[in-house]
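Participant: Got a predicted model here, sequence first, then my questions.
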Amino acid sequence: MLNREMSRRVDEIAVNEIGVPSVILMENAGRSCAECLLNWQAVDNPRELSVLILCGPGNNGGDGFVIARHLALANCNVRVMIFQEIEKYAGDSRVNLDVLRQLGIEIDRFDPDWSAAETREEFSKVGTQPTTWIVDALLGTGASGALRPPIAKAIVAANILSVNKLAVDLPTGLDCDSGGASEPTFRADVTCTMVDEKIGFQNGDARLFTGTVVVVGIGVPMDLESLKTD
């Protein structure tokens, strides 16, 4: 199992010691999550799936952009909701966001002035179709403490909707190390966690938020025991 620092070191070792470009790690993570979603709810026609992907300002959001691309290429209906101006995205996340823009995938910015009812209404549709999945790609393992607006407002709205929910790496609001849940915390049906489960998942209450945990790879063989003892 990985704690917050070990999760950071996985990426650091992969990039600096193994030589895998960080954009490839993001690609592998996002593709694995998209495949998990498609396998979780097998349908005859992928167009039956309408997926809203909530993408935060960091690399977790970048994973969400990759997920959006792979789902769109699989003929799912996809809508991306970003939580800062496009110009503020940088690095690998910006690379993948720009690809979505070139592909014409629907991208909207979350409006912090939306009322609770307006937020639920916005989250309930992907284009003209009702939302069937919400993907939480808002904050990653590095986040801790209480959630602040506008992300807190988004989590409340997402939790209210009766749709399938997938969390990327861990549900936003759940502490990676302790498994403690802030108010609010995203309630996932399935959590696609990278490389290994997080230590906080051992907290008995954490499963109320993670749902079923599926470990997905990022394309790097890793001796986790050495991470724990270094």
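Facilitator: Everything's here; your move.
Participant: alpha carbons only for contacts and neighbour counts from here, please
Facilitator: OK.
Participant: Pull the residues that contact stretch 158-168.
Facilitator: Identification of contacts with stretch 158-168 by C-alpha atoms under 8 Å, 6 or more residues apart in numbering yields 33, 37, 60, 63-64, 120, 123-124, 131-137, 140, 186-193, 210.
Participant: Would you mind writing the CA trace of that stretch as CSV?
Facilitator: Output in CSV follows, covering the C-alpha atoms of stretch 158-168 (Å, rounded to 0.1, in the frame of the first residue of the first chain):
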residue,chain,number,x,y,z
ALA,A,158,-22.4,15.0,-7.7
ASN,A,159,-23.2,13.0,-4.6
ILE,A,160,-26.9,13.9,-4.9
LEU,A,161,-27.3,12.7,-8.4
SER,A,162,-28.3,9.0,-8.8
VAL,A,163,-25.8,8.1,-11.4
ASN,A,164,-22.7,5.8,-11.5
LYS,A,165,-19.6,7.4,-10.0
LEU,A,166,-15.9,6.7,-10.6
ALA,A,167,-13.0,8.3,-8.6
VAL,A,168,-9.6,8.7,-10.1
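Participant: Go through it and flag the buried ones.
Facilitator: 158, 159, 161, 163, 164, 165, 166, 167, 168 (16 or more other C-alpha atoms under 10 Å).
Participant: Let's test this: mean pLDDT of the biggest helix by length in the chain, rounded?
Facilitator: Determined from DSSP state H, the single longest helix within the chain is helix 22-40. For helix 22-40, the mean per-residue pLDDT is 95.
Participant: residues in contact with the spatially most central residue of the chain?
Facilitator: Nearest to the geometric centre of the chain sits residue 137, at 2.4 Å (C-alpha atoms, centre = their mean). By C-alpha under 8 Å, 6+ apart, the contact set of residue 137 is 53, 54, 55, 56, 60, 61, 62, 63, 64, 167, 168, 172.
Participant: now it: how far from residue 18?
Facilitator: Per C-alpha to C-alpha, to the nearest Å, residue 137 is found 26 Å from residue 18.
Participant: And residue 34, by the same measure?
Facilitator: 25 Å.
Participant: And for residue 202?
Facilitator: For residue 202 relative to residue 18 (C-alpha to C-alpha), the value is 30 Å.
Participant: Then residue 205?
Facilitator: 36 Å.
Participant: Check residue 204 too.
Facilitator: On the measure of C-alpha to C-alpha, residue 204 and residue 18 end up 35 Å apart.
Participant: Between these two, point out the one with more neighbours.
Facilitator: residue 18 (13 against 10; other C-alpha atoms under 10 Å).
Participant: So which elements touch the longest helix of the chain?
Facilitator: helix 59-73, helix 91-103, strand 190-194, strand 212-216 (3 or more C-alpha pairs under 8 Å, 6 or more residues apart in numbering; DSSP states H and E).
Participant: at 10 Å instead, please
Facilitator: helix 4-13, helix 59-73, helix 91-103, strand 133-137, strand 164-168, strand 190-194, strand 212-216 (3 or more C-alpha pairs under 10 Å, 6 or more residues apart in numbering; DSSP states H and E).
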